[in-house]
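*Asks:* Turn this into a structure:
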Amino acid sequence: MLSMNVVTGALELGFIYALVAMALFLSFRVLNIADMTTDGSFTLGCAVCCQVTLMGHPFLGLLAAMAAGVLSGYITAFLQTRLGVESILAGIIVNTGLYTINLMAMGFSSTLSVFKCDTIFSLAKSALSGVLGGALAGWSKLLVAAVIALTVALLLTWFLKTRLGLSIRATGDSPDMIRASSVNPAFTITVGLCISGSLTALSGAVGIAMAAAGAGYWALVAQQLGQGNKQKANHTFTTMVSFTILLGVILTAIGIAVIRPVCVLLGATPEMIEGCVVYGRVTIAFTAAFMLQNVFQSFLAAAEKPKLGLFVTVAAGLTNAVLDAVFIAGFRWGLAGAALATGLGQVVGGVLPLIYFLRTNGSLLQLEKKPSLEIKPMR
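*Replies:* Here you go, the predicted structure:
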């Protein structure tokens, strides 16, 4: 049965990904720029925050992650405004380059353990343990995530009403008009993409800090393995993977059905709408693979196979990069080719671990032959 842990977990993740939503709102809706660096910037925030947290500075880790996100946004803006690269292609170039940058930030290791380090969530839990008899300690992760997301939302709302914020909004509506008002659109685009990159990286940093505090069913699987209960761990693992596939299929059907009205709601012009719908539908078709890719990265670490996780990540990134060149430059498939390359990269990242765990393997985990969708309270 569903429990309050599942509900609060969903809310916690919702507040974290709300930061990504605000970043995409700023780039896609306000600036009218298809910023494709989101995946790389999110992981960049995770990697930088991990390294700084390991040095004993969890709060500084958030700021460092945001600074790294600013740099990724600046490079994307530089390619667009100074070198004349199309926005989508500039995002793909930076996103591909961030695969290597992220590995460098992690010391060329696929995993970094921050479980024994203080994070903003563990510190908040300790601080709230003495308030109201410790009643708020169990809600610390949700409270911290909510405070961060709401604070950022208020600051972004205030900023977009300032003179610079209004200039950024006007740039998205009409670059020619803002240029006629003696405002350099290259500057406003750069500022907007830097802010967008910082919010995405902050989301990744907050997410990894929450993971270190023990959020998610993969932490439960790691706990069960540590207790020597491998059968129970395999059952929980199988349940989570089955649920991920089912949820991915449902979200795919919904996303494909509503992509056109969503594009219209987000401000797509008649000239853009068909391209947005094609790219959206092709990308959404691989939702289940994308979800599996992210889920398996955590479980590969729990199964003590971090090197396999690194191999899968690199293989997925290389598949995406190579097929981008083949489909876009070779076959001239444009947006559809870019979306298909992204999706097939996610298939590599999601299906390879699935095949590995379905077969008899040398790791601590294996998928059961009869999957179950039973969800019980996390203990």
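*Asks:* so where's the stretch 201-350 of the chain shaky on pLDDT?
*Replies:* Applying pLDDT under 70 to the stretch 201-350 of the chain picks out residues 211-219.
*Asks:* redo that, cut-off 50
*Replies:* Applying pLDDT under 50 to the stretch 201-350 of the chain flags the ranges 214.
*Asks:* Just the helices from it, written as ranges.
*Replies:* Listed in chain order, the helices of the stretch 201-350 of the chain (DSSP state H, counting those that start in this stretch) span 217-226, 230-265, 270-284, 287-302, 306-324, 334-358.
*Asks:* Residue 33 is nearest to which of those helices?
*Replies:* Residue 33 sits nearest to helix 270-284 of all the helices of the stretch 201-350 of the chain, at 11.5 Å, using C-beta to C-beta. Quick note: C-beta positions are derived from backbone N, CA and C, even for glycine.
*Asks:* And that closest one, what does it pack against?
*Replies:* helix 230-265, helix 334-358 (3 or more C-beta pairs under 8 Å, 6 or more residues apart in numbering; DSSP states H and E).
*Asks:* Could you list the buried residues of stretch 301-310?
*Replies:* Residues 301, 302, 303, 305, 306, 308, 309, 310 are the ones in stretch 301-310 that count as buried (16 or more other C-beta atoms under 10 Å).
*Asks:* Now the fourth one. Nearest residue, chain neighbours left out?
*Replies:* In space, residue 305 comes closest to residue 363 once its chain neighbours are excluded; the distance is 4.9 Å by C-beta to C-beta, 6 or more residues apart in numbering.
*Asks:* same check, this time on residue 368
*Replies:* residue 238 is the one closest to residue 368 (C-beta to C-beta, 6+ apart), at 4.3 Å.
*Asks:* That neighbour contacts residue 358, doesn't it?
*Replies:* No - taking C-beta atoms under 8 Å as the definition, residue 238 is not a contact partner of residue 358, at 10.1 Å.
*Asks:* Which residues are in contact with each of the two?
*Replies:* residue 367 (C-beta atoms under 8 Å, 6 or more residues apart in numbering).
*Asks:* Comparing those two, which residue is more hemmed in?
*Replies:* Comparing residue 238 with residue 358 by other C-beta atoms under 10 Å, the one with more neighbours is residue 238, at 20 against 13.
*Asks:* re earlier: so how far is residue 359 from the residue nearest to residue 368?
*Replies:* 14 Å (C-beta to C-beta, to the nearest Å).
*Asks:* what does residue 182 give?
*Replies:* Taking C-beta to C-beta, one finds residue 182 at 65 Å from residue 359.
*Asks:* For the most centrally placed residue in the chain, give me its contacts.
*Replies:* For the chain, residue 42 is the residue whose C-alpha lies nearest the centre (C-alpha atoms, centre = their mean; 4.9 Å). The contact partners of residue 42, taken as C-beta under 8 Å, 6+ apart, are 20, 200, 201, 203, 204, 207.
*Asks:* Where does the residue nearest to residue 305 sit: helix, strand or coil?
*Replies:* Following DSSP: H, G, I helix; E, B strand; the rest coil, residue 363 is assigned to coil.
*Asks:* thinking again about what came up before, which member of the contacts of residue 42 is positioned nearest residue 270?
*Replies:* For the contacts of residue 42, the nearest to residue 270 is residue 20 (27.4 Å; C-beta to C-beta).
*Asks:* circling back to that earlier point, which strand or helix spans the residue nearest to the centre of the chain?
*Replies:* helix 38-54 (DSSP states H and E).
*Asks:* Likewise for residue 20?
*Replies:* helix 4-24.
*Asks:* Show me what that helix is packed up against.
*Replies:* helix 38-54, helix 140-159, helix 185-212.
*Asks:* Downstream of the second one, the next helix or strand is which one?
*Replies:* When you say that, I think you mean helix 140-159. Later in the chain than helix 140-159, the nearest helix or strand by DSSP H and E is helix 163-173.
*Asks:* hmm, who's touching that following helix?
*Replies:* With C-beta under 8 Å, 6+ apart as the test, helix 163-173 has contacts from 26, 29-33, 159-160, 177-178, 181, 183, 185, 188-189, 191-192.
*Asks:* Buried residues in it, which are they?
*Replies:* Across helix 163-173, burial judged by 16+ other C-beta under 10 Å covers 165, 167, 168, 169, 170, 171, 172.
*Asks:* what's the angle from that helix to helix 185-212?
*Replies:* If you take axes from the mean of the first three to the mean of the last three C-alpha atoms, to 10 degrees, helix 163-173 sits at 100 degrees to helix 185-212.
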